[in-house]
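Visitor: A structural model of the following input is requested.
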Amino acid sequence: MHAKAVIPRAALAGGIGGLVAFGFARVFAEPLIGQAIDYEERRGEAEHALAVAAGQPGHEMGAEIFSRGVQGTLGIGAGMILVGVALGLLFAVAYTVVQGTVTWRPRVLGLVLAGAGFLTLYATPFVKYPANPPAVGHEETIGDRSGLYLVMLIGSVLILVVATLVGRRLSARLGGWNAALVGGAVYVVLAGSLMAVLPSLGELAANVGTYGPAATETPQPQRDATGRIVFPGFDADLLSAFRVYSFTAQLLLWGVLGLVFGALAERASGGSRDERATAPSPEETSAHA
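Guide: Numbering: from 1, shown residues only. The predicted model follows:
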């Protein structure tokens, strides 16, 4: 299928995937975001009270640019749909490059590429640096966190390329299935090695210097000068549920992208084959002339 036919179908499929993911996130993840924001505000009030009691200037919360209602509906909806379209365009590039090297049906190739995209662009980076709701993460580390996540994402893509090349090179010797298993093992080993080398968020210098050594940036219980807990740490159940729902939303986005694109591409390819099958050959045309 020509690139001009792939691009609009992939963009449409990505937009539909983003819409489905938004519907899921709106029902399941958005209430948790609201709870996280409430926690952040109440923790800020507690920090302000402690600072004032210690004779230090308190921290005032800035005014909202957009209301929570706008952020939780129009904001997240438009954002996820646009992200889906952008991922669909990346998917179109990959599909155009790969389709000439395999003999798979569009449905199969679409699902395989969608699975590879989900694995490299979300699932693998998620294992090392999982998604967090508001209130989990400190302003001082935003730049470091973004850089580390980008390194993990790019590394995941490059590792998939290496694993694919290894599998293709060994396919003639080991057979397709065994070569695929070896390629998968290469991906797991290299990705795991990269995760082991990269620091955890709790090890960032800004966190260690300000909050002491910790495994993550998840807010711990807040204590006063005597060590007494005056405000609880972030709810572990809320954090785990948010991560599960975030992972599921992305899985839906990529899954719908692969399924919808495969159906659209299959229809387009079938139409082209039907046209070629029913079109008269040059010999038939000359015979009727």
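
Visitor: wouldn't Asn207 be in contact with His138 here?
Guide: Yes. Using Cβ atoms under 8 Å, Asn207 is in contact with His138, at 6.6 Å. (Glycine included, C-beta is placed from N, CA and C.)

Visitor: spell out the secondary structure type for Thr218.
Guide: coil (DSSP: H, G, I helix; E, B strand; the rest coil).

Visitor: re earlier: ok, Asn207 and His138, which is more surrounded?
Guide: Between Asn207 and His138, counting by other Cβ atoms under 10 Å, Asn207 is the more crowded of the two (21 against 16).

Visitor: against Asp224, how distant is that one?
Guide: Distance of Asn207 to Asp224, given as Cβ to Cβ, to the nearest Å: 21 Å.

Visitor: which stretches of the chain have low pLDDT?
Guide: By pLDDT under 70, the low-scoring segments of the chain are 51-73, 210-211, 270-289.

Visitor: same thing but at 90, please
Guide: Counting by pLDDT under 90, the low-confidence segments of the chain come to 1-4, 37, 40-79, 100-104, 134-142, 171-177, 201-233, 267-289.

Visitor: follow-up on the earlier one: spit out the residues that contact Asn207 and His138 alike.
Guide: Glu217 (Cβ atoms under 8 Å, 6 or more residues apart in numbering).

Visitor: what residues are up against Leu190?
Guide: Residues in contact with Leu190 (Cβ under 8 Å, 6+ apart) are 159, 162-163.

Visitor: my error: substitute Gly100 in the last question.
Guide: Not one residue lies near Gly100 by Cβ under 8 Å, 6+ apart.

Visitor: cool, Leu174 as well?
Guide: Applying Cβ under 8 Å, 6+ apart, we find Leu174 in contact with Val182.

Visitor: quick one, helices of the protein?
Guide: Along the chain, the segments classed as helices by DSSP state H run 3-53, 68-70, 76-98, 106-118, 124-128, 142-174, 176-197, 205-211, 236-278, 282-288.

Visitor: any idea which of these gets closest to Arg228?
Guide: Set against Arg228 and scored by Cβ to Cβ, these come closest in helix 3-53, at 11.1 Å.

Visitor: report all helices and strands that the closest one contacts.
Guide: Here helix 3-53 touches helix 76-98, strand 222-223, strand 229-231, helix 236-278, going by 3 or more Cβ pairs under 8 Å, 6 or more residues apart in numbering; DSSP states H and E.

Visitor: what's the closest non-adjacent residue to Thr124?
Guide: Spatial nearest neighbour of Thr124, excluding adjacent residues (Cβ to Cβ, 6 or more residues apart in numbering): Ser156 at 4.2 Å.

Visitor: thinking again about what came up before, right, and the helices and strands packed on helix 3-53 - which one's nearest Thr216?
Guide: helix 236-278 (9.3 Å).

Visitor: distance between that closest one and the chain's centre?
Guide: Its chain's average C-alpha position is 14 Å from that of helix 236-278, according to Cα atoms, centre = their mean, to the nearest Å.

Visitor: helices or strands up against that helix?
Guide: Secondary-structure packing of helix 236-278 (3+ Cβ pairs under 8 Å, 6+ apart): helix 3-53, helix 76-98, helix 106-118.

Visitor: most tightly surrounded among those helices?
Guide: Among those, helix 106-118 has the highest mean neighbour count (mean count of other Cβ atoms under 10 Å), at a mean of 20.

Visitor: so what secondary structure elements neighbour it?
Guide: Helix 106-118 packs on helix 76-98, helix 236-278, going by 3+ Cβ pairs under 8 Å, 6+ apart.

Visitor: in TSV: those, plus distance to Gly110.
Guide: Formatted as TSV, those follow (distance: least, Cβ to Cβ, whole Å):
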stretch	distance to Gly110
helix 76-98	7
helix 236-278	3
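
Visitor: out of the ones you listed, the one nearest Gln35 is which?
Guide: Counting by Cβ to Cβ, Gln35 lies closest to helix 236-278 out of the helices and strands packed on helix 106-118; the figure is 5.9 Å.
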